[in-house]
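Engineer: Based on what follows, work out the 3D shape:
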Amino acid sequence: ELSSGINAEYGEAKKAETQARLKAEAEARDADDYSQDKYGKLPVCRSIEKTGRTWTEVEDLDTSMAGEEVLVRGRVHLSRVTGKQCFLKLRHRYFSVQVLYAVDEKISKQMVKFIGACPHDPLYSNSYDIFMRGEEIMSGAQRIHEPALLEERAKVHEIDLETIRSYIDSFKFGSSPHAGGGVGGERVLMLFLGLDNIRKSSMFPRDPKRLTP
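Structural biologist: Next up, the predicted model:
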């Protein structure tokens with residue numbers, strides 16, 4: 001029993017020694033991190049705050065901005081660290097841009113390592129579905145608010161622009177980026193009541209042969 005007690009105390013002492021050493025090494029690494037205020041889990045900017053920052057949309061980036069510092073927002077589509085460099089691809093809505101981070105007087109090795117470890121998933125999209133008891137009851141997504149892109153996609157799908165002209169024009173009068181969703185009331189009612197067909201929960205059910213009333 002005496003031997004077991006001594007071993008336990010020795011184990012705890014070694015553990016504390018290891019933790020202290022790791023903490024000291026981490027503090028030493030952070031001490032020379034001259035980029036520590038430029039990355040990491042930064043405070044969230046609420047909409048009521050005015051930061052004074054000017055943001056550039058990913059789709060607006062071009063070669064004329066070479067040498068300039070610009071602020072962009074986007075999701076990490078993929079990243080790859082090679083030595084003291086990190087190749088990064090950012091995606092915002094339907095556009096993407098490739099970025100190269102390399103250790104220099106502004107970007108520390110810790111910053112490059114952090115960027116390379118950022119989680120990414122190329123399957124992410126600005127949309128969602130909500131299910132209830134195995135049935136979809138709501139879908140939502142970010143709406144395309146750029147008139148030019150709307151017209152481009154409409155032409156691809158051979159949609160007559162004049163039939164949706166009022167809809168496209170509505171985005172020319174100051175509509176900001178936004179998202180939303182719609183709950184299927186009939187579906188929710190069907191699931192709550194345990195009905196076997198959604199037509200039983202709809203006052204005017206639709207089918208290929210019945211569109212009105």
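Engineer: for the protein, what spans make up the helices?
Structural biologist: Counting by DSSP state H, the chain has helices at residues 2-31, 109-116, 147-156, 165-170, 185-193.
Engineer: next one: the fourth one to chain centre, how far?
Structural biologist: This points to helix 165-170. The chain centre lies 28 Å from the centre of helix 165-170; the measure is CA atoms, centre = their mean, to the nearest Å.
Engineer: do stretch 89-106 as well
Structural biologist: Worked out by CA atoms, centre = their mean, stretch 89-106 lies 15 Å from the chain centre.
Engineer: can you pull out the strands in this structure?
Structural biologist: Secondary structure of the chain (DSSP state E): strands at 75-82, 85-92, 95-102, 127-132, 135-142, 179-183.
Engineer: Dump the fifth one to CSV, restricted to CA.
Structural biologist: Extracted C-alpha coordinates of strand 135-142, given in CSV (Å, rounded to 0.1, in the frame of the first residue of the first chain):
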residue,chain,number,x,y,z
GLU,A,135,-40.8,14.2,-43.1
GLU,A,136,-39.5,17.5,-44.5
ILE,A,137,-41.7,20.4,-43.1
MET,A,138,-39.5,23.4,-44.0
SER,A,139,-36.9,24.5,-46.5
GLY,A,140,-34.9,27.7,-46.6
ALA,A,141,-32.0,29.3,-48.4
GLN,A,142,-30.3,32.6,-49.2
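Engineer: Give the other helices and strands that it contacts.
Structural biologist: With contacts defined as 3 or more CB pairs under 8 Å, 6 or more residues apart in numbering; DSSP states H and E, strand 135-142 has these neighbours: strand 127-132, strand 179-183, helix 185-193. The way it works is simple: take the backbone N, C-alpha and C, and place the C-beta from them, glycine included.
Engineer: who does residue 210 bridge with?
Structural biologist: For residue 210, the beta-bridge partners are residue 207 (DSSP bridges).
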